[in-house]
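Trainee: below are the sequence and a predicted model; questions follow.
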Amino acid sequence: MKLTLDNPPTVAAPFGDRFAHVARLDLPGGGLLMLAGQVAVDDDGHLTGAGDIVAQSERIFEIIEGVLSGHGAGLADVLHIRTFMTDLADLPGYAAVRRRLFTATPPPASTTVEVNRLFLPGALIEVEVTAAVATA
């Protein structure tokens with residue numbers, strides 16, 4: 001078993017490299033990627049899509065795709081999605097983005113919770129994923 005923490009070059013380091021985007025646990029025959037919670041930010045760490053759940057959701061999954069691709073994985077390799085939302089009334093907009101991106105039946109396992117606020121002012125949503133990856 002081998003644990004690696006990193007920020008792949010396929011995406012900007014999160015908030016000045018204050019934490020790792022991903023923890024990778026390699027096991028015989030494959031591995032798991034545990035991605036840190038992602039919010040809708042640009043490469044400089046500024047919020048994008050202010051007030052727009054669809055725009056924020058799309059940006060978050062762009063970041064997630066970049067992190068996954070840096071490890072030879074993609075959205076099809078996602079096993080579980082954990083979502084934190086500041087208002088569950090925004091769920092239809094987020095769900096529409098997820099349906100467009102995750103077309104397999106059934107889609108990945110999922111947990112969604114409502115929280116009072118997120119650490120970045122204006123962020124409506126934060127998403128974590130766990131994915132499987134083949135060992136190189």
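Mentor: Right, received. Where do you want to start?

Trainee: any regions of the chain where pLDDT drops low?
Mentor: Low-confidence segments of the chain (pLDDT under 70): 16-17, 136.

Trainee: so which residues of it form helices?
Mentor: Taking DSSP state H as the test, the helices found in the chain are 53-69, 91-101.

Trainee: find the nearest non-adjacent residue to Ile63, please.
Mentor: Once flanking residues are discounted, Ile63 sits nearest to Gln38: 4.9 Å by C-beta to C-beta, 6 or more residues apart in numbering. Yep, even glycine has a C-beta here, placed from its N, CA and C like the rest.

Trainee: actually Phe61, not the one I typed
Mentor: Closest residue to Phe61 apart from its sequence neighbours, by C-beta to C-beta, 6+ apart: Leu101 at 5.7 Å.

Trainee: could you do Val54 as well?
Mentor: Gly93 (4.6 Å).

Trainee: residues contacting that neighbour?
Mentor: Taking C-beta atoms under 8 Å, 6 or more residues apart in numbering, we find Gly93 in contact with 53-54, 57.
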